[in-house]
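> Predicted model, plus sequence, below.
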Amino acid sequence: MASPKKKLQGLVAATITPMTENGEINFSVIGQYVDYLVKEQGVKNIFVNGTTGEGLSLSVSERRRVAEEWVTKGKDKLDQVVIHVGALSLKESQELAQHAAEIGADGIAVIAPFFLKPWSKDVLINFLKEVAAAAPALPFYYYHIPALTGVKIRAEELLDGIQDKIPTFQGLKFSDTDLLDFGQCVDQNRQQQFAFLFGVDEQLLSALVMGATGAVGSTYNYLGRKTSQMLEAFERKDFSLALNYQFCIQRFINFVVKLGFGVSQTKAIMTLVSGIPMGPPRLPLQKASREFTDSVEAKLKSLDFLSFTDLKDGDLEAGS
Ligand SMILES: CC(=O)N[C@@H]([C@@H](O)[C@H](O)[C@H](O)CO)[C@@H](O)CC(=O)C(=O)O
(Lines give C-alpha, C1' and ligand atoms only; values in the text may rest on other atoms or scores of the structure.)
Protein backbone atom coordinates (compact mmCIF):
# COMPACT_ATOMS: atom_id res chain seq x y z
CA MET A 1 0.00 0.00 0.00
CA ALA A 2 1.11 3.56 -0.60
CA SER A 3 2.73 5.70 2.04
CA PRO A 4 0.12 7.17 4.36
CA LYS A 5 1.41 10.64 3.58
CA LYS A 6 0.47 10.38 -0.08
CA LYS A 7 -2.46 12.63 -0.91
CA LEU A 8 -5.73 10.82 -1.46
CA GLN A 9 -7.08 11.84 -4.85
CA GLY A 10 -9.12 10.61 -7.79
CA LEU A 11 -11.90 8.10 -7.31
CA VAL A 12 -12.47 6.28 -4.05
CA ALA A 13 -15.05 3.48 -4.00
CA ALA A 14 -17.20 3.43 -0.88
CA THR A 15 -17.18 -0.33 -0.49
CA ILE A 16 -20.19 -2.52 0.07
CA THR A 17 -19.99 -5.08 2.86
CA PRO A 18 -20.91 -8.37 1.16
CA MET A 19 -23.30 -10.53 3.16
CA THR A 20 -24.68 -14.03 2.93
CA GLU A 21 -28.40 -14.70 2.65
CA ASN A 22 -28.27 -15.37 6.42
CA GLY A 23 -27.04 -11.88 7.12
CA GLU A 24 -23.47 -12.80 8.01
CA ILE A 25 -20.55 -11.01 6.42
CA ASN A 26 -19.30 -12.84 3.36
CA PHE A 27 -15.57 -12.38 3.74
CA SER A 28 -14.87 -14.95 1.05
CA VAL A 29 -15.62 -12.57 -1.85
CA ILE A 30 -13.56 -9.58 -0.73
CA GLY A 31 -10.44 -10.71 -2.61
CA GLN A 32 -12.46 -11.04 -5.80
CA TYR A 33 -14.05 -7.64 -5.10
CA VAL A 34 -10.60 -5.99 -4.86
CA ASP A 35 -9.60 -7.48 -8.21
CA TYR A 36 -12.86 -6.34 -9.77
CA LEU A 37 -12.38 -2.75 -8.61
CA VAL A 38 -8.79 -2.60 -9.81
CA LYS A 39 -9.09 -4.49 -13.09
CA GLU A 40 -12.62 -3.77 -14.27
CA GLN A 41 -13.24 -0.33 -12.79
CA GLY A 42 -9.71 1.05 -12.55
CA VAL A 43 -10.40 2.15 -8.97
CA LYS A 44 -7.51 1.73 -6.52
CA ASN A 45 -8.71 3.66 -3.48
CA ILE A 46 -11.42 2.47 -1.15
CA PHE A 47 -13.46 3.76 1.76
CA VAL A 48 -14.45 0.91 4.06
CA ASN A 49 -17.28 0.63 6.63
CA GLY A 50 -18.93 3.89 5.58
CA THR A 51 -22.56 4.45 4.66
CA THR A 52 -22.49 2.06 1.71
CA GLY A 53 -20.59 -0.48 3.80
CA GLU A 54 -23.30 -0.36 6.50
CA GLY A 55 -20.51 0.38 8.97
CA LEU A 56 -22.89 1.60 11.63
CA SER A 57 -25.01 -1.55 11.35
CA LEU A 58 -22.02 -3.79 12.09
CA SER A 59 -20.65 -4.74 15.48
CA VAL A 60 -17.23 -3.42 16.46
CA SER A 61 -15.74 -6.86 16.05
CA GLU A 62 -17.26 -7.18 12.56
CA ARG A 63 -15.94 -3.75 11.62
CA ARG A 64 -12.45 -4.78 12.70
CA ARG A 65 -12.60 -7.98 10.68
CA VAL A 66 -13.96 -6.23 7.58
CA ALA A 67 -11.21 -3.60 7.78
CA GLU A 68 -8.57 -6.32 8.18
CA GLU A 69 -9.85 -8.26 5.22
CA TRP A 70 -9.79 -5.24 2.90
CA VAL A 71 -6.30 -4.25 4.00
CA THR A 72 -5.00 -7.81 3.60
CA LYS A 73 -6.62 -8.49 0.26
CA GLY A 74 -5.75 -5.01 -1.03
CA LYS A 75 -2.04 -5.32 -0.22
CA ASP A 76 0.07 -4.51 -3.30
CA LYS A 77 -3.11 -4.01 -5.34
CA LEU A 78 -4.81 -0.95 -3.87
CA ASP A 79 -3.25 2.46 -3.37
CA GLN A 80 -5.13 3.58 -0.28
CA VAL A 81 -7.54 1.98 2.14
CA VAL A 82 -9.36 4.49 4.34
CA ILE A 83 -11.40 3.08 7.19
CA HIS A 84 -14.45 4.84 8.52
CA VAL A 85 -14.25 4.55 12.31
CA GLY A 86 -17.08 6.85 13.34
CA ALA A 87 -19.39 5.57 16.10
CA LEU A 88 -21.74 6.92 18.72
CA SER A 89 -19.35 5.83 21.44
CA LEU A 90 -16.07 7.71 21.57
CA LYS A 91 -14.42 4.62 23.06
CA GLU A 92 -15.52 2.43 20.17
CA SER A 93 -14.38 5.02 17.69
CA GLN A 94 -10.97 5.20 19.34
CA GLU A 95 -10.69 1.43 19.42
CA LEU A 96 -11.44 1.27 15.70
CA ALA A 97 -8.99 4.09 14.94
CA GLN A 98 -6.23 2.35 16.84
CA HIS A 99 -7.06 -0.90 15.12
CA ALA A 100 -6.92 0.77 11.68
CA ALA A 101 -3.42 1.98 12.50
CA GLU A 102 -2.34 -1.46 13.71
CA ILE A 103 -3.46 -3.22 10.54
CA GLY A 104 -1.73 -0.71 8.25
CA ALA A 105 -4.67 1.25 6.86
CA ASP A 106 -3.84 4.48 5.02
CA GLY A 107 -6.26 6.76 6.77
CA ILE A 108 -9.32 7.05 8.97
CA ALA A 109 -12.53 9.01 8.60
CA VAL A 110 -15.16 9.94 11.15
CA ILE A 111 -18.73 11.19 10.94
CA ALA A 112 -20.31 13.39 13.57
CA PRO A 113 -22.01 11.40 16.37
CA PHE A 114 -25.67 11.50 15.48
CA PHE A 115 -27.76 10.50 18.52
CA LEU A 116 -26.48 12.69 21.31
CA LYS A 117 -25.23 15.34 18.93
CA PRO A 118 -22.51 17.97 19.14
CA TRP A 119 -24.28 21.29 18.75
CA SER A 120 -21.27 23.50 18.15
CA LYS A 121 -18.17 23.39 16.04
CA ASP A 122 -15.93 23.31 19.11
CA VAL A 123 -17.68 20.32 20.62
CA LEU A 124 -17.55 18.42 17.35
CA ILE A 125 -13.85 19.22 16.97
CA ASN A 126 -13.22 17.98 20.50
CA PHE A 127 -14.85 14.66 19.66
CA LEU A 128 -12.95 14.28 16.38
CA LYS A 129 -9.69 15.26 18.05
CA GLU A 130 -10.03 12.50 20.63
CA VAL A 131 -10.59 9.92 17.90
CA ALA A 132 -7.73 11.21 15.75
CA ALA A 133 -5.40 11.06 18.76
CA ALA A 134 -5.96 7.31 18.99
CA ALA A 135 -4.22 6.92 15.62
CA PRO A 136 -1.64 9.72 15.63
CA ALA A 137 0.24 8.42 12.59
CA LEU A 138 -2.78 8.13 10.31
CA PRO A 139 -4.22 10.82 8.06
CA PHE A 140 -7.60 11.89 9.39
CA TYR A 141 -10.63 12.84 7.29
CA TYR A 142 -13.85 14.39 8.50
CA TYR A 143 -16.88 12.75 6.87
CA HIS A 144 -19.52 15.43 6.43
CA ILE A 145 -22.94 13.89 5.75
CA PRO A 146 -25.48 16.18 7.43
CA ALA A 147 -28.57 14.64 5.83
CA LEU A 148 -27.86 11.36 7.63
CA THR A 149 -26.23 12.58 10.86
CA GLY A 150 -28.53 15.56 11.39
CA VAL A 151 -25.44 17.54 12.43
CA LYS A 152 -25.69 20.69 10.36
CA ILE A 153 -22.45 22.39 11.39
CA ARG A 154 -21.06 23.80 8.16
CA ALA A 155 -17.90 22.10 6.94
CA GLU A 156 -16.37 25.46 6.12
CA GLU A 157 -16.68 26.51 9.78
CA LEU A 158 -15.30 23.22 11.01
CA LEU A 159 -12.22 23.49 8.81
CA ASP A 160 -11.33 26.91 10.14
CA GLY A 161 -8.17 26.29 12.21
CA ILE A 162 -8.74 22.52 12.33
CA GLN A 163 -5.09 21.54 11.91
CA ASP A 164 -4.17 23.38 15.11
CA LYS A 165 -6.54 21.03 16.94
CA ILE A 166 -6.09 17.91 14.84
CA PRO A 167 -2.55 17.81 13.44
CA THR A 168 -3.31 14.70 11.38
CA PHE A 169 -6.25 16.34 9.62
CA GLN A 170 -5.81 15.70 5.93
CA GLY A 171 -9.12 16.36 4.28
CA LEU A 172 -12.82 16.29 4.01
CA LYS A 173 -15.28 13.81 2.59
CA PHE A 174 -18.17 16.07 1.68
CA SER A 175 -21.43 14.17 1.13
CA ASP A 176 -23.79 17.10 0.73
CA THR A 177 -25.20 19.19 -2.09
CA ASP A 178 -24.33 22.58 -0.58
CA LEU A 179 -21.76 23.77 -3.10
CA LEU A 180 -21.45 27.13 -1.35
CA ASP A 181 -20.17 25.36 1.75
CA PHE A 182 -17.98 23.03 -0.32
CA GLY A 183 -16.55 25.87 -2.43
CA GLN A 184 -15.72 27.86 0.67
CA CYS A 185 -13.91 24.87 2.18
CA VAL A 186 -11.72 24.70 -0.91
CA ASP A 187 -11.28 28.45 -1.27
CA GLN A 188 -10.21 29.00 2.31
CA ASN A 189 -7.90 26.02 2.61
CA ARG A 190 -6.10 25.84 -0.72
CA GLN A 191 -2.71 26.58 0.79
CA GLN A 192 -3.01 23.64 3.19
CA GLN A 193 -3.15 20.98 0.49
CA PHE A 194 -6.08 19.15 2.04
CA ALA A 195 -7.96 16.50 0.09
CA PHE A 196 -11.46 17.71 -0.84
CA LEU A 197 -13.38 14.56 -1.65
CA PHE A 198 -16.88 15.04 -2.96
CA GLY A 199 -19.55 12.49 -2.11
CA VAL A 200 -22.55 13.23 -4.32
CA ASP A 201 -21.69 11.26 -7.43
CA GLU A 202 -24.41 12.73 -9.64
CA GLN A 203 -22.99 16.24 -9.07
CA LEU A 204 -19.29 15.48 -9.21
CA LEU A 205 -18.58 17.63 -12.26
CA SER A 206 -19.87 20.75 -10.49
CA ALA A 207 -17.67 19.91 -7.51
CA LEU A 208 -14.64 19.47 -9.79
CA VAL A 209 -15.21 22.97 -11.08
CA MET A 210 -15.37 24.10 -7.45
CA GLY A 211 -12.00 22.48 -6.71
CA ALA A 212 -12.72 18.91 -5.58
CA THR A 213 -9.50 16.89 -5.57
CA GLY A 214 -11.29 13.56 -5.63
CA ALA A 215 -14.52 11.76 -4.93
CA VAL A 216 -15.79 9.06 -2.60
CA GLY A 217 -18.98 7.32 -3.60
CA SER A 218 -21.04 4.22 -3.98
CA THR A 219 -21.39 4.35 -7.76
CA TYR A 220 -17.63 4.12 -8.33
CA ASN A 221 -17.99 0.44 -7.50
CA TYR A 222 -19.66 -0.09 -10.85
CA LEU A 223 -19.35 3.23 -12.71
CA GLY A 224 -15.68 3.76 -11.90
CA ARG A 225 -14.56 3.51 -15.52
CA LYS A 226 -17.28 5.78 -16.76
CA THR A 227 -16.56 8.36 -14.07
CA SER A 228 -12.81 8.18 -14.75
CA GLN A 229 -13.56 9.07 -18.36
CA MET A 230 -15.37 12.13 -17.07
CA LEU A 231 -12.39 13.04 -14.86
CA GLU A 232 -10.01 12.63 -17.79
CA ALA A 233 -12.15 14.82 -20.04
CA PHE A 234 -12.27 17.44 -17.28
CA GLU A 235 -8.46 17.31 -16.89
CA ARG A 236 -8.08 17.81 -20.63
CA LYS A 237 -10.47 20.77 -20.34
CA ASP A 238 -12.88 19.05 -22.70
CA PHE A 239 -15.84 20.29 -20.70
CA SER A 240 -18.42 19.39 -23.28
CA LEU A 241 -17.37 15.73 -23.20
CA ALA A 242 -17.11 15.80 -19.41
CA LEU A 243 -20.66 17.10 -19.28
CA ASN A 244 -21.82 14.33 -21.60
CA TYR A 245 -20.38 11.77 -19.19
CA GLN A 246 -21.94 13.48 -16.20
CA PHE A 247 -25.32 13.59 -17.91
CA CYS A 248 -25.05 9.93 -18.81
CA ILE A 249 -24.21 9.05 -15.19
CA GLN A 250 -27.02 11.31 -14.00
CA ARG A 251 -29.50 9.57 -16.29
CA PHE A 252 -28.73 6.31 -14.58
CA ILE A 253 -28.75 7.72 -11.05
CA ASN A 254 -31.96 9.63 -11.75
CA PHE A 255 -33.53 6.44 -13.01
CA VAL A 256 -32.68 4.49 -9.84
CA VAL A 257 -33.55 7.38 -7.54
CA LYS A 258 -37.05 7.37 -9.02
CA LEU A 259 -37.34 3.65 -8.32
CA GLY A 260 -36.11 4.14 -4.74
CA PHE A 261 -32.35 4.06 -4.24
CA GLY A 262 -30.10 3.42 -1.25
CA VAL A 263 -27.59 0.95 0.12
CA SER A 264 -29.80 -2.11 -0.59
CA GLN A 265 -30.15 -1.08 -4.21
CA THR A 266 -26.41 -0.44 -4.49
CA LYS A 267 -25.86 -4.02 -3.38
CA ALA A 268 -28.26 -5.29 -6.04
CA ILE A 269 -26.71 -3.18 -8.80
CA MET A 270 -23.18 -4.22 -7.90
CA THR A 271 -24.19 -7.89 -7.88
CA LEU A 272 -25.67 -7.43 -11.32
CA VAL A 273 -22.76 -5.54 -12.83
CA SER A 274 -19.82 -7.36 -11.22
CA GLY A 275 -21.32 -10.82 -10.85
CA ILE A 276 -20.01 -10.89 -7.26
CA PRO A 277 -22.81 -11.73 -4.81
CA MET A 278 -23.20 -8.81 -2.43
CA GLY A 279 -26.16 -10.37 -0.68
CA PRO A 280 -28.93 -8.60 1.19
CA PRO A 281 -28.42 -5.63 3.48
CA ARG A 282 -28.75 -5.93 7.23
CA LEU A 283 -31.91 -4.88 8.99
CA PRO A 284 -33.39 -2.30 9.22
CA LEU A 285 -32.64 -2.14 5.48
CA GLN A 286 -34.66 -4.36 3.15
CA LYS A 287 -33.41 -6.27 0.16
CA ALA A 288 -33.98 -4.58 -3.22
CA SER A 289 -36.95 -5.99 -5.11
CA ARG A 290 -36.76 -8.21 -8.18
CA GLU A 291 -38.58 -5.49 -10.14
CA PHE A 292 -35.84 -3.06 -9.23
CA THR A 293 -33.08 -5.39 -10.43
CA ASP A 294 -34.85 -6.17 -13.70
CA SER A 295 -35.48 -2.50 -14.48
CA VAL A 296 -31.89 -1.59 -13.67
CA GLU A 297 -30.47 -4.32 -15.84
CA ALA A 298 -32.44 -3.06 -18.81
CA LYS A 299 -31.41 0.52 -18.14
CA LEU A 300 -27.72 -0.31 -17.82
CA LYS A 301 -27.86 -2.14 -21.12
CA SER A 302 -29.57 0.76 -22.84
CA LEU A 303 -26.90 3.13 -21.53
CA ASP A 304 -24.14 0.76 -22.63
CA PHE A 305 -22.71 0.75 -19.10
CA LEU A 306 -22.45 -3.00 -18.96
CA SER A 307 -20.08 -3.10 -21.92
CA PHE A 308 -18.20 0.07 -20.88
CA THR A 309 -18.36 1.32 -24.45
CA ASP A 310 -16.85 4.77 -24.80
CA LEU A 311 -19.30 7.60 -24.97
CA LYS A 312 -18.59 9.84 -27.90
CA ASP A 313 -19.40 13.50 -28.15
CA GLY A 314 -22.92 13.75 -29.46
CA ASP A 315 -24.11 10.49 -27.91
CA LEU A 316 -26.07 12.44 -25.37
CA GLU A 317 -29.37 11.19 -26.66
CA ALA A 318 -28.46 7.51 -26.47
CA GLY A 319 -30.52 5.70 -23.89
CA SER A 320 -32.43 8.73 -22.70
C1 LIG B 1 -26.03 9.09 1.01
C2 LIG B 1 -25.08 8.21 0.27
O3 LIG B 1 -25.14 7.02 0.38
N4 LIG B 1 -24.21 8.83 -0.51
C5 LIG B 1 -23.20 8.11 -1.26
C6 LIG B 1 -23.20 8.54 -2.71
O7 LIG B 1 -22.21 7.83 -3.40
C8 LIG B 1 -24.56 8.23 -3.35
O9 LIG B 1 -24.83 6.87 -3.26
C10 LIG B 1 -24.57 8.66 -4.81
O11 LIG B 1 -24.23 10.01 -4.90
C12 LIG B 1 -25.92 8.41 -5.45
O13 LIG B 1 -26.89 9.28 -4.92
C14 LIG B 1 -21.82 8.37 -0.67
O15 LIG B 1 -21.62 9.73 -0.39
C16 LIG B 1 -21.71 7.56 0.62
C17 LIG B 1 -20.36 7.14 0.90
O18 LIG B 1 -19.41 7.62 0.34
C19 LIG B 1 -20.17 6.08 1.90
O20 LIG B 1 -20.60 4.99 1.65
O21 LIG B 1 -19.61 6.36 2.94
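Great, that's in hand.

> what does the stretch 51-200 of the chain have sitting close to the ligand?
For the stretch 51-200 of the chain, the residues in contact with the ligand (CB under 6 Å from any ligand atom) are T51, T52, S175, G199, V200. The way it works is simple: take the backbone N, C-alpha and C, and place the C-beta from them, glycine included.

> As CSV, those residues with neighbour count, pLDDT and secondary structure would be great.
Listed next are these as CSV, based on neighbours: other CB atoms under 10 Å; pLDDT from 0 to 100; DSSP: H, G, I helix; E, B strand; the rest coil:
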residue, neighbour count, pLDDT, secondary structure
T51, 22, 98, coil
T52, 25, 98, coil
S175, 23, 98, coil
G199, 27, 98, coil
V200, 18, 98, coil
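
> Which single one of those residues is nearest to G10?
For these, the residue nearest G10 by CB to CB is G199; the value is 14.1 Å.

> Tell me which helix or strand comes right after the lengthiest helix in the chain.
For the chain, the helix with the greatest residue count under DSSP state H is helix 239-259. Using DSSP states H and E, the next helix or strand after helix 239-259 towards the C-terminus is helix 263-274.

> Show me what the mean pLDDT comes to for the helix or strand just after that next one.
Counting by DSSP H and E, the next helix or strand C-terminal to helix 263-274 is helix 290-302. For helix 290-302, the mean pLDDT works out to 91.

> just checking, what packs against helix 290-302?
helix 239-259, helix 263-274 (3 or more CB pairs under 8 Å, 6 or more residues apart in numbering; DSSP states H and E).

> mind putting these in JSON lines, mean neighbour count included?
Below are those laid out as JSON lines (neighbours: other CB atoms under 10 Å):
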{"stretch": "helix 239-259", "mean neighbour count": "18"}
{"stretch": "helix 263-274", "mean neighbour count": "22"}
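
> Now distance to the ligand and mean pLDDT too, for the ones you listed, in a markdown table please.
Formatted as a markdown table, those follow (distance: least, CB to the nearest ligand atom, whole Å; pLDDT from 0 to 100):
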| stretch | distance to the ligand | mean pLDDT |
| --- | --- | --- |
| helix 239-259 | 5 | 96 |
| helix 263-274 | 6 | 97 |
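
> Secondary structure class of the residue of the chain found nearest the ligand, three-state.
Proximity of the chain to the ligand (CB to the nearest ligand atom) peaks at G50, 2.5 Å away. What DSSP: H, G, I helix; E, B strand; the rest coil gives for G50 is coil.

> Check it and give its pLDDT.
For G50, pLDDT reads 98.

> and if you look at the one 3 residues further on?
The score at G53 is 98. That number is its pLDDT.

> what residues are up against the nearest residue to it once chain neighbours are set aside?
The shortest distance from G53 to any non-neighbouring residue, by CB to CB, 6 or more residues apart in numbering, is to T17 (4.6 Å). Residues in contact with T17 (CB atoms under 8 Å, 6 or more residues apart in numbering) are I25, N49, G53, E54, G55, L58, V66.

> Which of the three states applies to T17?
coil.

> all strands of the stretch 51-200 of the chain, in order?
Using DSSP state E, counting those that start in this stretch, the strands of the stretch 51-200 of the chain run over 80-84, 107-111, 140-144, 169-174, 195-198.

> Please identify the deepest-packed of the ones you listed.
Mean neighbour count (mean count of other CB atoms under 10 Å) peaks for strand 80-84 among the strands of the stretch 51-200 of the chain, with a mean of 29.

> Now find how far off-centre that strand is within its chain.
Centroid separation for strand 80-84 versus its chain: 10 Å, with CA atoms, centre = their mean, to the nearest Å.

> Check which strands are paired with it and give the direction for each one.
Note on strand 80-84: by DSSP bridges, its sheet partners are strand 45-48 (parallel), strand 107-111 (parallel).

> re earlier: OK, contacts around the nearest residue to the residue of the chain closest to the ligand once chain neighbours are set aside?
Leaving aside its chain neighbours, G50 sits nearest to H84 (4.3 Å; criterion: CB to CB, 6+ apart). By CB under 8 Å, 6+ apart, H84 lies in contact with F47, V48, N49, G50, G53, G55, I108, A109, V110, I111, Y143.

> go with 10 Å
Contacts for H84 (CB atoms under 10 Å, 6 or more residues apart in numbering) come out as 14-15, 47-53, 55-56, 63, 67, 93, 96, 100, 107-111, 141, 143, 173, 216.

> Tell me what it is bridged to.
Per DSSP bridges, the residues bridged to H84 are A109.

> how close does N22 get to V48?
To V48, N22 is 22 Å away according to CB to CB, to the nearest Å.
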